[in-house]
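[1] Fold the stuff below for me.
(2 chains)
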Amino acid sequence: MAVDKGYMSGSSQMLVLNLLNEKSYYGYELIKTLKLRSNDVFDMKEGTLYPILHKLENEGMIHSFNQEVSGRTRRYYAITDKGAKVLAKQKEEWLQFSGAVNQVLTFQGV
Amino acid sequence: MNKNEFLKIVSKQIHFFLDREKIEKELSDHIEDSTLALMEEGYSKEEAEQIAVNQMGNPTEIGKYLNREHHPIIGYLWFISTIVSVVMLISLIPTGISAVSGLWEMLTPTVVRNYEEKIPINITVEMPTDKVELDYFCVMENGDIYITYRTWKNMEYSRSGWSSNPFSIMDGNEFPIASGGYSSGNYFGGIGASAFTLMNSKLVILIFRDGQVLELNLEDYGL
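    Predicted coordinates:
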């Protein structure tokens, strides 16, 4: 859809899934980790994370649960089996694609 | 814009009211976490909250995207479709039972009770609307003879209920000799028995609904 502005794009979904593949995160924690890991390149507007999370949850890639941590109830997200499978496939495709792009961009002479 | 104003604008975009509170809580938690972290960096509470809200992005846009994932139509459709499918399942139970019992009935060639003698016919007549299998002549004590049969509906042609007898009966003089009988219909077709009384001819002529004529000489059947 034209109004999408890219932040629902496949790559941000893949990055979110990849983090959730390690452990369960709540929203704030997830976005801080994403920022840190990407050296601030993925400095997305923080609120836009939630539509992505809710979309992934609707699609059955992740599930959410409430957990109390130091007196506050937080909404945690965890990857599902389906999500892990989709991630593995996306990752493989991405690595293949980006490898090919790099190869073309750094090509030196004949 | 402070936290509450931000949440209000987001919430306005969410049409499925049941999810609104949950979403507001999640976003509110995020802004609070962010505010606390900024205060640790040295910002005042007001400044910190202001920056935290700005980092969230455009509330209208976020609300619209969230609404897409919490759309009332999907929620209500899910609810309605569940009810509809339960109702449909329940309403299908009688049909299912009658279909199964009908099939059971159809697999057992009809036999008239209390007959003296039973002679197999085993003739099948195809009509456009259904197929008729003539099973037996059943000879009764009083001399009446029943032809028992089963009809199988052509499902491509009609799924409607079973109708009249598939054939009428005459003797060799083309005189109607049918004297009664019975029939019952079900989902697959029907079963029936037509009785006739022979006067002075051994020839039985069946005239089918579609005009086909079948002549049976009872002597061939030892009658």
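[2] now the helices for chain B?
    When secondary structure is read from DSSP state H, chain B shows helices at B:3-13, B:17-40, B:45-56, B:59-69, B:72-107.
[3] Mean pLDDT and distance to residue A:91 added to the ones you listed, as CSV?
    In this view, the C-beta of every residue, glycine as well, is placed from N, C-alpha and C. Formatted as CSV, the entries for these read as follows, by pLDDT from 0 to 100; distance: least, C-beta to C-beta, whole Å:
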stretch, mean pLDDT, distance to residue A:91
helix B:3-13, 95, 32
helix B:17-40, 92, 27
helix B:45-56, 95, 28
helix B:59-69, 92, 24
helix B:72-107, 81, 30
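[4] Between these, which one is closest to residue A:51.
    Evaluated with C-beta to C-beta, the helices of chain B place helix B:59-69 nearest to residue A:51, the distance being 3.5 Å.
[5] how many neighbours does residue B:16 have?
    By the measure other C-beta atoms under 10 Å in any protein chain shown, the count of residues near residue B:16 is 17.
[6] how much space is there between it and residue B:80?
    Residue B:16 sits at a distance of 14 Å from residue B:80 (criterion: C-beta to C-beta, to the nearest Å).
[7] Near residue 90, how many other residues are there?
    If you meant another chain, say so; for now it's chain A. Using other C-beta under 10 Å, residue A:90 has 16 neighbouring residues.
[8] meant chain B actually
    Residue B:90 is flanked by 9 other residues according to other C-beta under 10 Å.
[9] repeat for residue B:65
    Considering only other C-beta under 10 Å, residue B:65 is surrounded by 23 other residues.
[10] where's it relative to chain A, distance?
    Applying C-beta to the nearest C-beta, to the nearest Å, the value for residue B:65 to chain A is 4 Å.
[11] That residue reaches residue A:47, doesn't it?
    No - proximity of residue B:65 to residue A:47 does not meet the contact threshold set by C-beta atoms under 8 Å, at 9.1 Å.
[12] dump the residue contacts of the residue of chain B found nearest chain A.
    Closest to chain A within chain B is residue B:57: 2.9 Å, counting by C-beta to the nearest C-beta. The contact partners of residue B:57, taken as C-beta atoms under 8 Å, 6 or more residues apart in numbering or on different chains, are A:45, A:46, A:47, A:48.
[13] quick one, phi psi at it?
    The phi and psi values for residue B:57, taken as degrees, to the nearest 10, are phi 110, psi -160.
[14] Now it. Nearest residue, chain neighbours left out?
    Here the nearest residue to residue B:57 in space, its sequence neighbours aside, is residue A:45; by C-beta to C-beta, 6 or more residues apart in numbering or on different chains that works out to 2.9 Å.
[15] Test my guess that that neighbour contacts residue B:54.
    No - here residue A:45 lies out of contact with residue B:54, judged by C-beta under 8 Å, at a distance of 9.0 Å.
[16] before we move on, the earlier item: which stretch among the helices of chain B is buried most, on average?
    Most buried of these, by mean neighbour count (mean count of other C-beta atoms under 10 Å in any protein chain shown): helix B:59-69, with a mean of 20.
[17] before we move on, the earlier item: take the helices of chain B and lay them out in a markdown table including distance to residue A:21.
    Supplementary listing: the helices of chain B in a markdown table, determined by distance: least, C-beta to C-beta, whole Å:
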| stretch | distance to residue A:21 |
| --- | --- |
| helix B:3-13 | 28 |
| helix B:17-40 | 21 |
| helix B:45-56 | 25 |
| helix B:59-69 | 21 |
| helix B:72-107 | 27 |
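[18] Neighbours of the residue of chain A found nearest chain B, how many?
    For chain A, the nearest residue to chain B under the criterion C-beta to the nearest C-beta is residue A:45, separated by 2.9 Å. Applying other C-beta under 10 Å, we find 15 other residues in the vicinity of residue A:45.
[19] what does chain B have sitting close to chain A?
    Counting by C-beta under 8 Å from any C-beta of the partner chain, the residues of chain B lying close to chain A are B:10, B:23, B:25-27, B:29-30, B:33-34, B:55-59, B:61-62, B:64-66, B:68-70.
[20] If we use 10 Å, what do you get?
    B:6, B:10, B:19, B:22-23, B:25-27, B:29-34, B:36-37, B:52-59, B:61-71, B:74 (C-beta under 10 Å from any C-beta of the partner chain).
[21] give me every residue that touches the closest residue to residue B:147 other than its chain neighbours.
    Nearest residue to residue B:147 in three dimensions, chain neighbours excluded: residue B:194, at 5.1 Å (C-beta to C-beta, 6+ apart). By C-beta atoms under 10 Å, 6 or more residues apart in numbering or on different chains, the contact set of residue B:194 is B:134, B:145-149, B:165-169, B:178-183, B:206.
[22] Give me the buried subset of those.
    Buried residues within these, defined by neighbour count using 16 or more other C-beta atoms under 10 Å in any protein chain shown: B:134, B:145-149, B:165-169, B:178, B:181, B:183, B:206.
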